[in-house]
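**Student:** Sequence first, then the predicted structure:
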Amino acid sequence: GDFLQMAIYTGAVGAPILRFLYALARCELPLVAAVQGNAVGIGTTMLMHCDHIVAADNARFSTPFVGLGLVPEAASSLIAPRLMGQARAFSLLVMGRRLDAPAAKTAGLINTVVAADAVEAEAMKAAREIAALTPQGVLASRRLMRGNPDETVARIDEEAELFKIRLQSAEARAAFEAFLARKK
């Protein structure tokens, strides 16, 4: 499955994904995202680096890491509790409970829920709204809100190291085998 391939890729290669995550963490410009369908694993955790997220009413957010014997990534263990509170973050990241679009909005993970055919237009509308603001005011405010990116990058590295270690564990191997057996 996609998650298994990504887990193996992250554990074995890692560098391109880490470069992507560092770029998100160090990005100084506002990031607007549009989500439709299933956002699984990094599809959900990368959103935590975005500033405005528009999701389709059919969007689903999940992070099945721990159920597969792994740990969260993309600094989600740092950002999610700040974003959603400890209880919601634990439910999503550790228990692997899926959020539908309305629940993700209530949790503070996303900003707006619209019909699937309106997602792109709504995201562009938000991007234009942000672009119309005073650029330096936006950049300074975003920097203040986000804090030092070094803290985020350090957490990305810490999670990646643990992810690799966990990927080699008997627990993860057994979880992956069970996952693959269910898929057949």
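**Tutor:** Cool, got the structure. Numbering: from 1, shown residues only.
**Student:** what about Leu180, distance to Gly85?
**Tutor:** For Leu180, the distance to Gly85 (Cβ to Cβ, to the nearest Å) stands at 34 Å. Using the backbone N, CA and C atoms, a C-beta is placed for each residue, glycine as well.
**Student:** Quick check: Leu47 touching Ile53?
**Tutor:** Yes: judged on Cβ atoms under 8 Å, Leu47 makes contact with Ile53 at a distance of 5.5 Å.
**Student:** where do the contact lists of the two overlap?
**Tutor:** Common contacts of Leu47 and Ile53 (Cβ atoms under 8 Å, 6 or more residues apart in numbering): Ala33, Val35, Leu109, Ile110.
**Student:** quick check, nearest of these to Lys184?
**Tutor:** Closest approach to Lys184 among the shared contacts of Leu47 and Ile53 (Cβ to Cβ): Val35, at 29.3 Å.
**Student:** Show the backbone phi and psi for that closest one.
**Tutor:** With angles defined as degrees, to the nearest 10, Val35 sits at phi -130, psi 130.
**Student:** Show me where this protein dips below the pLDDT cut-off.
**Tutor:** By pLDDT under 70, the low-scoring segments of the chain are 1-13.
**Student:** Swap in 80 and give it another go.
**Tutor:** Residues of the chain meeting the criterion pLDDT under 80: 1-14, 183-184.
**Student:** Now for the residue nearest the centre of it: which residues touch it?
**Tutor:** Closest to where the C-alpha atoms of the chain average out (Cα atoms, centre = their mean) is Thr45, at 1.0 Å. Residues near Thr45 by Cβ under 8 Å, 6+ apart: Thr63, Pro72, Glu73, Ala74, Ala75, Ser76, Ala80.
**Student:** Of those residues, which pair is most distant in space?
**Tutor:** Every pair of these checked by Cβ to Cβ; the farthest is Thr63 and Ala75, at 12.6 Å.
**Student:** neighbour count winner among those two?
**Tutor:** Taking Thr63 and Ala75 together and counting by other Cβ atoms under 10 Å, Thr63 has the greater number of neighbours (29 against 26).
**Student:** Now do the contacts for the more buried one.
**Tutor:** Taking Cβ under 8 Å, 6+ apart, one finds Val40, Gly41, Thr44, Thr45, Pro72, Ser76, Leu92, Leu93, Gly96 in contact with Thr63.
**Student:** re earlier: in strands only, show me the shared contacts of Leu47 and Ile53.
**Tutor:** If you go by DSSP state E, those have Ala33, Val35 in strands.
**Student:** got the shared contacts of Leu47 and Ile53 as CSV, with neighbour count and distance to Glu120 columns?
**Tutor:** Output for the shared contacts of Leu47 and Ile53, formatted as CSV (neighbours: other Cβ atoms under 10 Å; distance: Cβ to Cβ, whole Å):
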residue, neighbour count, distance to Glu120
Ala33, 19, 11
Val35, 25, 11
Leu109, 25, 19
Ile110, 24, 15
